[in-house]
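Asks: Here's my sequence, what's the structure:
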Amino acid sequence: MATFRLYPELESSNLLEGSWAGGSVLMLSGTGLLPKGGMEAVRVIFGEPGTQKSCTIIEVEYTTISCLVPDFRDFKESEEDMEVPITVQIGYESENPVTAMSLTFTFKSSMVATVDTMTPTTVQANTPITITGTNLGTDVENIQVFAQALLSGGRRRRETSHRETEENADKTEFLHSFWDQFKSDSDGKPIWRCFGKNLENGCNHGRAVHYPQELVMSFSDDYSELHELEKEDDEKLTHEICQSDTEKCVERLLYFENPKNPEMSASEMDLVEMHLLTEGSVEGKVETVSETSLTFSFDALPAGTYNVLVNVKGGVGNAVSSLSQLVSEMEISGVSPSSGSIHGGQTIKISGGGFSGKLEDTSVSIGSANCEVMSVLSAEITCRTGNCSEECGELVVISSGSSATRPLLFSYSVDISPVITSLESLTENNIRLIGSNFGSNPSVILGESELLVMSSTSSQAILIIPDMPGGDYAVTLHNPGVGNSNNDVLLTLELTITSSSPSVGSFGGGTLLTIQGKGFSSSLSREVSVCDLPCNVQSSSTTELTCLTPSNSGSEETLICDVSVIQVSGSVTLTAAFTYDFSITPSITSATPLSGGTGGGTLVSISGTGFASSGNKVVIAGSVCDIASEEATAITCYTRHHNGAVEAPITVDVPDKGFAIHRDLAMSSFLYIDRWSSIWTWGGESLPLENEMVVISEGQTILLDTNTPVLKFLLINGGTLLFDRDIESIELQAEYILVVAGGKLQIGS
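Replies: Modelled structure (predicted):
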């Protein structure tokens with residue numbers, strides 16, 4: 001059997017020498033340089049043991065490795081120059097690529113740049129800044145300046161990646177030898193017998209059993225273990241494919257090498273930015289440069305304190321700095337427009353500099369009024385004014401912990417504020433607003449709905465009223481030039497109940513009530529009540545509602561109730577609209593049996609009074625019980641499948657009467673429970689056998705109603721196992737029983 005492997009190969013390097021301070025981008029070119037595991041599995045090391053530093057990886061592609069040359073000044077003694085070897089390690093096995101050249105780098109004193117002074121050290125947006133130094137070059141295209149925030153979250157790319165790799169590494173778990181005695185799967189893990197079909201995700205007993213703390217040790221994968229996985233994926237499986245399909249073999253090899261288009265590679269300047277433009281850092285705009293000075297500025301620099309870093313292309317790299325820190329101040333230079341309505345709602349733009357660019361840490365206030373921030377750029381904030389008087393106060397901006405204050409930049413004005421003085425109905429669907437300062441293109445809000453403006457002048461507006469729920473609505477006009485009007489003028493839309501039927505029903509509730517009228521809300525925001533108890537809405541439109549009446553615990557022969565519709569826009573009541581009447585109220589006195597399996601099929605006999613001879617409906621915990629027989633005093637029905645164990649009152653819905661009341665809930669509540677003796681508890685398969693391992697998980701309840709064989713292991717992992725109290729003697733037999741995660745084993749009462 002022939003085997004083969006693709007080896008990485010290095011062909012060239014863009015840099016052979018550079019500054020002792022590092023910071024230049026080293027680009028190694030070749031083929032096969034992107035291993036499985038990506039750039040986290042690539043290392044470039046400068047120097048020999050004892051005097052070594054890593055070249056911080058910026059980007060790895062199929063044909064290139066890019067990294068930032070390290071600062072080697074720690075190892076500079078009296079030498080002006082030092083040549084050091086470069087070692088490249090690729091993959092989890094730290095494999096050295098094939099190379100025909102000698103990889104070295106020479107650190108030179110003659111290539112070291114310095115930056116010594118900076119003026120000014122306190123700036124605002126676009127303030128020119130001058131730095132003096134040495135060896136800065138003469139080409140503005142070859143020099144970059146970065147302001148790095150002192151409290152930024154920036155970290156070296158490789159350091160971040162290693163930390164994430166360690167925290168997120170998959171765990172490899174080993175079972176204690178205790179579990180060796182049990183029947184196991186191909187992975188050596190015990191095989192458990194699960195509880196039927198009610199468990200949606202299968203046998204999900206989880207780590208609480210397979211990996212209890214006392215029995216398990218776990219650790220993160222290291223490089224050698226990951227390499228074993230790599231070998232299995234890249235060699236064994238690849239060998240199998242390559243023996244049978246040449247075309248797929250080539251595709252697979254190319255897939256694992258993951259080639260990229262070299263034309264898409266980032267430039268050296270881009271790669272420097274990728275490394276240095278961490279969170280909280282900003283690149284400046286270089287305007288002029290000479291060997292001994294450079295001038296630059298920042299279009300937008302959030303307020304704060306920064307270290308300034310200068311990087312020169314071509315091996316010079318980072319300049320050795322003795323600069324003081326740069327302080328950026330926030331400023332407010334103007335507001336547009338400069339005045340607005342005392343009722344707020346005006347969108348204003350605040351120009352200046354030093355803003356953070358983030359909504360979450362920026363706030364604006366004008367006196368005591370908040371201006372709702374809508375967007376934040378480094379040089380502009382957009383916000384919507386709140387209500388305030390003419391003497392509101394000064395403008396304050398807080399952004400990223402810094403603040404700036406300017407008085408008299410924005411004023412509230414009564415004279416320009418829109419005012420609604422009155423409204424009048426023109427037709428059923430049209431109204432006229434009357435007032436002043438409406439502007440040329442106003443919009444109108446009725447409650448929370450925007451109305452269609454048919455026509456308007458500065459003192460009136462004709463509006464179309466849509467089909468809306470009845471009630472009282474505040475009317476607000478918005479003039480885009482100045483903001484909102486007053487909102488104390490109300491429009492009343494009709495909300496009435498004209499009828500409610502039927503007028504009588506069972507104390508057990510369940511009567512389908514039909515309410516007719518006008519102005520009802522079809523949204524979930526409306527409620528219906530009968531005797532101040534919620535009536536469960538079944539359907540709704542603007543003119544009709546239906547609901548199921550609630551049960552009532554009253555003891556009177558009859559109870560007369562008001563019917564009310566309550567919604568956000570208002571409420572309305574029809575008095576004495578419904579009567580609870582014991583003479584037509586059916587009742588349940590008892591039922592038997594009071595428990596059955598969740599798989600269904602239990603025949604339940606219900607005794608009572610007032611049932612119909614036909615048309616009765618029985619429901620238990622939301623599951624229909626299919627009628628087998630029915631008469632005025634007795635009903636029998638077969639339960640259907642129910643998802644999960646639950647105890648609930650039996651509901652009998654009698655035609656034209658409603659729900660039956662319960663004389664004694666304890667005698668008419670049914671418990672859905674899975675019986676150990678039912679094959680449906682175990683998914684239609686056989687009952688648990690001798691030496692099997694059984695698990696009962698969270699949310700599952702099983703009634704033990706038969707003797708068990710000797711189980712190997714019974715795990716109650718959050719579930720419940722109940723002994724049947726109606727059976728005098730039951731034997732549960734198991735070599736091991738473990739109750740964890742809040743599980744219950746209940747014997748007796």
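Asks: Does the closest residue to Ile445 other than its chain neighbours lie in a helix or a strand, and which?
Replies: Nearest-residue entry for Ile445: Thr476, 4.6 Å, with adjacent residues in sequence omitted and distances by CB to CB, 6 or more residues apart in numbering. Backbone N, C-alpha and C define where each C-beta goes, glycine included. Assigned by DSSP states H and E, Thr476 falls within strand 471-479.
Asks: quick one: low-confidence parts of this protein?
Replies: 1-6, 151-280, 524, 749 (pLDDT under 70).
Asks: List the buried residues of stretch 585-603.
Replies: Using 16 or more other CB atoms under 10 Å as the test for burial, stretch 585-603 gives 585-588, 591, 594-600, 602.
Asks: circling back to that earlier point, list the residues that contact the residue nearest to Ile445.
Replies: The contact partners of Thr476, taken as CB atoms under 8 Å, 6 or more residues apart in numbering, are Gly345, Val444, Ile445, Asn484, Ser485, Asn486, Asn487.
Asks: Pro655 now?
Replies: Contacts of Pro655 (CB under 8 Å, 6+ apart): Ala612, Gly615, Asn616.
Asks: Of these, which is the most crowded?
Replies: When neighbours are counted by other CB atoms under 10 Å, Asn616 leads the contacts of Pro655 with 20 neighbours.
Asks: one step back: would you list the buried entries among the contacts of Thr476?
Replies: Buried residues within those, defined by neighbour count using 16+ other CB under 10 Å: Gly345, Val444, Ile445, Asn484, Ser485, Asn486.
Asks: Show me those residues that map onto helices.
Replies: Secondary structure from DSSP state H places none of the buried ones among the contacts of Thr476 in helices.
Asks: Throw these into a markdown table and include distance to Lys744, thanks.
Replies: Formatted as a markdown table, these follow (distance: CB to CB, whole Å):
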| residue | distance to Lys744 |
| --- | --- |
| Gly345 | 59 |
| Val444 | 62 |
| Ile445 | 57 |
| Asn484 | 61 |
| Ser485 | 64 |
| Asn486 | 63 |
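Asks: buried set for the strand holding Thr476?
Replies: Gly471, Tyr473, Val475, Thr476, Leu477, His478, Asn479.
Asks: and what of stretch 508-524?
Replies: Buried residues in stretch 508-524, counted by 16+ other CB under 10 Å: Gly508, Gly509, Gly510, Thr511, Leu512, Leu513, Ile515, Gly517, Lys518, Gly519, Phe520, Ser521.
Asks: On the three-state scheme, the closest residue in space to Arg640 that isn't next to it in sequence is what?
Replies: Nearest residue to Arg640 in three dimensions, chain neighbours excluded: Gly600, at 4.5 Å (CB to CB, 6+ apart). Here Gly600 takes the coil state, with states given by DSSP: H, G, I helix; E, B strand; the rest coil.
Asks: Apart from its neighbours in sequence, what residue is nearest Ser539?
Replies: In space, and not counting its chain neighbours, Ser539 is closest to Thr546: 4.8 Å by CB to CB, 6+ apart.
Asks: list the contacts for the closest residue to Gly353 other than its chain neighbours?
Replies: Once flanking residues are discounted, Gly353 sits nearest to Ala125: 2.9 Å by CB to CB, 6+ apart. Residues counted as contacts of Ala125 (CB under 8 Å, 6+ apart) are Phe298, Asp299, Ala300, Leu301, Glu331, Gly352, Gly353, Gly354, Ser378, Ala379.
Asks: so who does the second one touch?
Replies: What that stands for is Asp299. Residues in contact with Asp299 (CB under 8 Å, 6+ apart) are Ala125, Asn126, Lys285, Ser378, Ala379.
Asks: Turn the residues you listed into TSV, including secondary structure and distance to Leu409.
Replies: Formatted as TSV, these follow (DSSP: H, G, I helix; E, B strand; the rest coil; distance: CB to CB, whole Å):
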residue	secondary structure	distance to Leu409
Ala125	coil	17
Asn126	coil	20
Lys285	strand	28
Ser378	coil	19
Ala379	coil	16
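Asks: Any quick PyMOL command for the buried ones out of those residues?
Replies: Applying 16+ other CB under 10 Å to the contacts of Asp299 leaves a buried subset, and the PyMOL line that selects it is:
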select buried, resi 125+378+379
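Asks: out of the contacts of Asp299, who's nearest Ser110?
Replies: Nearest to Ser110 out of those is Lys285 (CB to CB; 29.0 Å).
Asks: Which strand residues bridge that closest one?
Replies: Here Lys285 sits in beta bridges with Ser297, going by DSSP bridges.
Asks: Could you measure from it over to Thr122?
Replies: 18 Å (CB to CB, to the nearest Å).
Asks: top strand in this structure by residue count?
Replies: strand 570-581 (DSSP state E).
Asks: Would you state the strands of the stretch 51-200 of the chain in chain order?
Replies: 51-54, 56-60, 64-68, 81-90, 98-99, 104-108, 114-119, 122-123, 129-134, 143-149, 171-175 (DSSP state E, counting those that start in this stretch).
Asks: from these, which stretch is densest packed?
Replies: Of the strands of the stretch 51-200 of the chain, the one with the most neighbours on average (mean count of other CB atoms under 10 Å) is strand 64-68, at a mean of 26.
Asks: Which elements pack onto that strand?
Replies: Under the contact criterion of 3 or more CB pairs under 8 Å, 6 or more residues apart in numbering; DSSP states H and E, strand 64-68 touches strand 25-31, strand 42-48, strand 56-60, helix 268-276.
Asks: Much appreciated, bye for now.
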